[in-house]
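> I need the structure of the sequence given here:
(2 chains)
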Amino acid sequence: MTRTRELQGYAIALALAVLLPFIEGFAFPGLGLAEDFRPIFIFAILGLGLNIIVGYTGLLNLGVAAFMAIGAYSYGILTCDIYPFQLSFWSATAATIVVGALAGVVLGLPAIRLHGDYLAIVTLGFGEIVQDALRNLETITKGTQGINPLPSPRLFGVDFQSGSYLPWYFLLLFILCSVALLVRNLERSRIGRAWIAVREDELAARCMGINPVRAKLLAFSLGASLCSLAGALWASYLGSTGEPGNYDFQVSVIVLCVVMVGGMGSILGVMLGAVVMVGFNSIVLSGLSDLLARQGILSGENVFAVPGNWKYFIFGLALILVTRYRPEGLIPSRVVKIVAPKKAKGA
Amino acid sequence: MSDLEVFVQQLITGLSNGMIIALIALGYTMVYGIVELINFAHGDLFMLGAFMALTLIGVLGIQDQTFATAPLQCGLLFVLVPLFCAFVNGAIDHFAYRPLRKAPRLAPLVSAIGVSFVLLNIGLFWGGLPMDVFNNGHAASAPKDFPALVSNDNLLGDESNVGFTATDLLVVGVALPLMVGLTALVRLTKLGKAMRAVAQDPTAASLMGIDVNGIITKTFMLGGAIGGFASVVYALYNNTIHFQMGFRVGIDAFTAAVLGGIGSFPGAVLGGLVIGLVRAMSDQYIATQWTNITVFSILVMVLVFRPSGLLGSRRREKV
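All right, here's what the predicted structure looks like:
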């Protein structure tokens, strides 16, 4: 994709996202499509975080849900009135970004010595450990109850608890755009080039004077801080951290799906991936459920007729088909092909 | 119950569960040894095997029988379920992994995660007795009871505080011959020799006239069949199965394979026994809710500090 076409892509995406609520309000009132974009924005931020780790640096991380959980729970602890901190939205969010970065370093330090699939399994283990620890440390995390209620933010004189979804929609869109801009600038900076060099050939990168350990650690920590930010937004948006089981392996796989389907290393691709994958789950499947229920076809009698029961199938099939037929994703990265065949095993 | 009795009880439980974990770990280790792929879907294949066993029990109509009253039909489970799992694993390799043989190493792993999710969804739809897929939509995701075809009566008598049942014997009776047989197969037969050759160097093996893809498929089928035995034994031992059990059991088994040294058969068995014992002791002496964390911590520690495992050989990084 050329640079002009990429800029056009950003412009179109932004214009569509800004106009969507208004178009819907005029043309299809009551459809509720724009409302459902809020989780998509959050998953897009998660995807951009994972994209730094797996897309640019080539480290397969299967535990991003853990970073999300860490963000959500630290946001909960910093804002909920049963704890002594009770920070405001912005300061708590800033703090969770720092906590996420630290968590990334903590996991990164032991993990980056590993390669490929072993690294993937260690991150998966980390994800499960965090989830179980949150469940077991009841005195701090309230166990399976989750931390709630979290105060609704009040920014720029707008009360986010009012009936309209628009404040959240535009806040999340604004944060997503800032994140995308940040990631895009990183990609073109010295750091971004170092990540891609390490991904393509660690030995060659080292010979060129890049410190691979530093590059990988930075990728882990930046990716983790973005995922942590997404977790904080998630908790704030829901008004609760929810139970630790909400941040399980499934979530990590959904985020991986978002990045793989959209296109590894491609910012616009990841955002499209979030729309396609999360949108399918939360808009198409739930819409289908409602429709079937209204038509009287679905009465909870037949498990096959509940579209929500197909979600594992859809995410699983998406991963299989994308790796086989379109490893570069829907919108391939501009920089270099990532999962294109390099050399045969053992060569 | 005295302290010693508690300990002995946990020892028995741990070793029995460890044997089952070892059987599944063998499936991971065989596949990793030959194609260097963590077959992420193996745990879910094991889960499907257990559902197949439950369905077969319904089809054969032996839900109220035991091995004593209907030995033939019960024995049939140990033939049909491994065959089913072997076939499914072979098919998975053919459709999901073989096209990716020349792709970068992470591509098949991502595909394996996808397969795992697809199998999980099949498990969600799969009901109970007999092929009661719909069960009228009620509690599709609920755990299913598995009939006690093997008695859970204590062989040591009712007065004994330590329980040792026919299911414990069953586990040992199925697992040990399988492990011996598998080792013999790999060491002594022509197929085993071909498998070792492909594991060492696929290109050289194909130059020697070995059908590399065929051998890989056979390895997958063999690993799947052993997983199928594990499914039946697990279901008979625990008497309850659940569509999400594959993930947890799979992680335990993978940890066992890595702990023992991935690619090594004795390592997988040793690792399985160790993980089984650690789980049992952690349940008893730490707390049940911390057991998974204990196992994951072992996994992370081994991978980080001794990636070659207890019995594995250290592999040099190839440039």
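> what is the burial count for B:A142?
Using other CB atoms under 10 Å in any protein chain shown, B:A142 has 12 other residues around it. For glycine as for every other residue, the C-beta is placed from the backbone atoms N, C-alpha and C.
> which SS class is it?
At B:A142 the chain is in coil, as set by DSSP: H, G, I helix; E, B strand; the rest coil.
> and it, how far from chain A?
Look at B:A142 and chain A: by CB to the nearest CB, to the nearest Å, they are 11 Å apart.
> how about the stretch 151-300 of chain B: which residue is closest to chain A?
Proximity of the stretch 151-300 of chain B to chain A (CB to the nearest CB) peaks at B:F296, 4.3 Å away.
> quickly find the element holding that residue.
When elements are assigned from DSSP states H and E, B:F296 belongs to helix B:291-305.
> return the residues in contact with A:G192.
Shown in contact with A:G192 (CB atoms under 8 Å, 6 or more residues apart in numbering or on different chains): A:56, A:186.
> so A:K216 is in contact with A:T57, correct?
Yes - using CB atoms under 8 Å, A:K216 is in contact with A:T57, at 5.9 Å.
> name the residues contacting each of these two.
Common neighbours of A:K216 and A:T57 (criterion: CB under 8 Å, 6+ apart): A:V198.
> who's more crowded, those two?
More neighbours surround A:T57 than the other of A:K216 and A:T57, with 27 against 24 (other CB under 10 Å).
> what about the closest residue to the more buried one other than its chain neighbours, how many neighbours?
Residue nearest to A:T57 in three dimensions, not counting chain neighbours: A:A219, with 4.0 Å by CB to CB, 6 or more residues apart in numbering or on different chains. For A:A219, the neighbour count with other CB under 10 Å is 29.
> roughly how far apart are A:A219 and chain B?
In this structure, A:A219 and chain B are 15 Å apart, going by CB to the nearest CB.
> what helix or strand does that residue sit in?
Counting by DSSP H and E, A:A219 is part of helix A:212-238.
> alongside chain A, which residues does the stretch 151-300 of chain B contribute?
Taking CB under 8 Å from any CB of the partner chain as the contact definition, the stretch 151-300 of chain B meets chain A at B:201-203, B:247, B:251, B:254, B:258, B:289-290, B:292-293, B:296-297, B:299-300.
> avg pLDDT for stretch A:180-200?
Stretch A:180-200 comes out with an average pLDDT of 89.
> go on, stretch A:146-163?
In this model, stretch A:146-163 has an average pLDDT of 73.
> show me where the stretch 151-300 of chain B has strands.
Here the stretch 151-300 of chain B has its strands, by DSSP state E, counting those that start in this stretch, at B:240-241.
> helices of that one, start to end?
Remark: helices assigned in the stretch 151-300 of chain B by DSSP state H, counting those that start in this stretch are B:166-188, B:190-200, B:202-207, B:212-238, B:245-260, B:265-281, B:291-305.
> could you say which of these is packed most deeply?
Each of the helices of the stretch 151-300 of chain B was scored by mean neighbour count; the highest is helix B:245-260, a mean of 27, by mean count of other CB atoms under 10 Å in any protein chain shown.
> tell me what that helix is packed against?
Using 3 or more CB pairs under 8 Å, 6 or more residues apart in numbering or on different chains; DSSP states H and E, the elements in contact with helix B:245-260 are helix A:116-136, helix B:3-35, helix B:42-60, helix B:106-125, helix B:265-281, helix B:291-305.
> give me that answer again for 7 Å
Contact here means 3 or more CB pairs under 7 Å, 6 or more residues apart in numbering or on different chains; DSSP states H and E; on that basis helix B:245-260 packs against helix B:3-35, helix B:42-60, helix B:265-281, helix B:291-305.
> adding mean pLDDT and distance to A:G125, write the ones you listed out as TSV.
As requested, the helices and strands packed on helix B:245-260 are arranged in TSV below (pLDDT from 0 to 100; distance: least, CB to CB, whole Å):
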stretch	mean pLDDT	distance to A:G125
helix B:3-35	89	15
helix B:42-60	89	14
helix B:265-281	91	13
helix B:291-305	85	4
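> including distance to A:V99, could the ones you listed go into TSV?
What follows is the helices and strands packed on helix B:245-260, written out as TSV (distance: least, CB to CB, whole Å):
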stretch	distance to A:V99
helix B:3-35	35
helix B:42-60	32
helix B:265-281	31
helix B:291-305	20
